[in-house]
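In: Here you go, sequence then predicted model.
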Amino acid sequence: MGSASLSYKGHRYPVEVISHRVWLYFRFPLSFREVEELMLERGVTVSYESVRRWCAKFGQSYANALRRRQPRPGDKWRLDEVFVKINGRLQYLWRAVDQDGNVLDILVQDRRDKAAARRFFGRLLKRTRTVPRVVVTDKLRSYGAALREVMPCVEHRQSKYLNNRAENSHQPTRQRERAMKGFRSVGGAQRFLSAFSGISPHFRPRRHLMPAHDYRAQMTVRFAIWEQITCVGVAGPAATA
């Protein structure tokens, strides 16, 4: 079943239309207007403003529901931070993944000092409700200083060669950043990337590690999960706005 908090009441389009537009936007590097055009080609008239509102309203809820279905995080976390320009200002995108490449959390901050690292560690512990066995980072000293305060018993490994999985996890974000021509505000970037990091990886199994028939079977399962968490086929017809 989907999230109990989801409600489509008041929307004149059916659930299938709404969930499909949200999926298109977060899965592919498309603008709201491009999603509108794709749907128009299929004979469905939906304005780009409606797509924007649906993504803002349902994107994070869908992402949270998908995260709740993920297996328990692994005991080895990899952390990395990259800079992003938001409205001309330099900000930092902090990211944590486990040894299987599952995104644990992201956080946009204006610094990468000890306080910023401590804030990210605290957010990770609260979200995952677990403590890792090992944390792998690059040589940024802020990680070590914060880790000694927040998780003093956790092993800390620092190496630029051991952190490829976290660094590679930034690539889809960079792709979207280019397609969107940058982010306009810190809050907007945090909201988009939080939903994006929950939805996009769900539809990105490691295709290069499996034959075609296994990939198709895996995607069939993932689309079924998407229908469950978005309540497609469960909710009744949406009411007219």
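Out: Right, received. Where do you want to start? Numbers count the residues shown, from 1 in each chain.
In: Just list the residues touching the residue nearest to the spatial centre of the chain, thanks.
Out: Centroid-nearest residue in the chain, with CA atoms, centre = their mean: residue 197, separated by 1.1 Å. Taking CB atoms under 8 Å, 6 or more residues apart in numbering, we find residue 197 in contact with 63, 95, 103, 105, 106, 173. All C-beta spots, glycine's among them, are computed from the backbone N, C-alpha and C.
In: repeat for residue 158
Out: Residues in contact with residue 158 (CB under 8 Å, 6+ apart) are 136, 137, 138, 139, 143, 144.
In: host element of residue 93?
Out: Secondary structure assignment for residue 93, by DSSP states H and E: strand 89-98.
In: next helix or strand past that strand?
Out: In N-to-C order, the element after strand 89-98 by DSSP H and E is strand 103-109.
In: Tell me the helices and strands packed up against the helix or strand of the chain with the lowest mean pLDDT.
Out: When each helix and strand of the chain is scored by mean pLDDT, DSSP states H and E, helix 164-168 comes last, with a mean of 77. Contact analysis of helix 164-168 by 3 or more CB pairs under 8 Å, 6 or more residues apart in numbering; DSSP states H and E lists strand 76-86, strand 89-98 as its packing neighbours.
In: Let me have these in JSON lines, adding distance to residue 168, mean neighbour count and mean pLDDT as columns.
Out: Formatted as JSON lines, these follow (distance: least, CB to CB, whole Å; neighbours: other CB atoms under 10 Å; pLDDT from 0 to 100):
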{"stretch": "strand 76-86", "distance to residue 168": "9", "mean neighbour count": "20", "mean pLDDT": "91"}
{"stretch": "strand 89-98", "distance to residue 168": "9", "mean neighbour count": "20", "mean pLDDT": "93"}
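In: could these go into CSV alongside distance to residue 224?
Out: Formatted as CSV, the helices and strands packed on helix 164-168 follow (distance: least, CB to CB, whole Å):
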stretch, distance to residue 224
strand 76-86, 29
strand 89-98, 24
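In: closest to residue 11 out of those?
Out: Closest to residue 11 of those, according to CB to CB: strand 76-86, at 30.8 Å.
In: And the closest one, what does it pack against?
Out: Counting by 3+ CB pairs under 8 Å, 6+ apart, strand 76-86 packs on strand 89-98, strand 103-109, strand 134-137, helix 164-168, helix 186-199.
In: Of those, which is nearest residue 76?
Out: The nearest among the helices and strands packed on strand 76-86, by CB to CB, is strand 134-137 at 4.5 Å.
In: Direction included, what does the closest one pair against?
Out: Take DSSP bridges as the rule and strand 134-137 pairs in its sheet with strand 76-86 (parallel), strand 155-158 (parallel).
In: With that, I have no additional questions.
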